[in-house]
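>>> curious how this folds, go ahead:
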Amino acid sequence: MKVLVAIDESEGSLYALQWALEHLHLPETEGSAAITVVHVQPHFMPPHTAIPVGPVMDSIKKAQEQSASEVISRATKLCEQHMIKAEMMVIRGDPKEMIVEASEDMNVDLLVVGSRGLGQIKRAFLGSVSDYCAHHAKCPVLIVRPPKSSHK
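Numbering: from 1, shown residues only. Have a look, this model is predicted:
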């Protein structure tokens, strides 16, 4: 079974990866990883301004690369702790669209995404990556919600 887990900087996405590692049967096949983990870096659109933004853009790009490196590092450690061989990918673009596209390009059997638990209003304005994936992916989508905090 080919499994793709989409992660970002949120604890919810890392919980989804942990859940997949603990609950899914992920056998390695010869020469390939048991699971693929993808992190999507959104494109940064600079404001239209007459002021040169080259140094600012370089700084933002560097910060995005550092963030992606940290996310992938955390995911790699989690996979190693569970002794699961994983392939890590970082791609650029709209997270919703790129996750669905990656799942199709790789012909995965299951797409696993986390849930940030946005309320209805925030989800309506911001959109939800997990909702988009559930409605547009051609494979089954598992949305993993983190456990509810007992001290709200």
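>>> burial count for V129?
Around V129 sit 26 other residues, with neighbours defined as other C-beta atoms under 10 Å. Glycine gets a C-beta too; all of them are placed from N, C-alpha and C.
>>> pretty sure it contacts E97?
No - taking contacts as C-beta atoms under 8 Å, V129 lies outside contact range of E97: 9.7 Å.
>>> C139 in helix, strand or coil?
Here C139 is recorded as coil under DSSP: H, G, I helix; E, B strand; the rest coil.
>>> which residues in the protein form strands?
In the chain, the strands defined using DSSP state E lie at 3-7, 35-41, 86-92, 110-114, 141-144.
>>> for the closest residue to Y15 other than its chain neighbours, give me the pLDDT.
Once flanking residues are discounted, Y15 sits nearest to P146: 4.5 Å by C-beta to C-beta, 6 or more residues apart in numbering. P146 is assigned a pLDDT of 87 by the prediction.
>>> verify the contact between P146 and L14 for me.
No - with contact defined as C-beta under 8 Å, P146 and L14 do not form a contacting pair (9.3 Å).
>>> residue contacts, the residue nearest to Y15?
Going by C-beta atoms under 8 Å, 6 or more residues apart in numbering, P146 touches E11, G12, Y15, G114, S115, G117.
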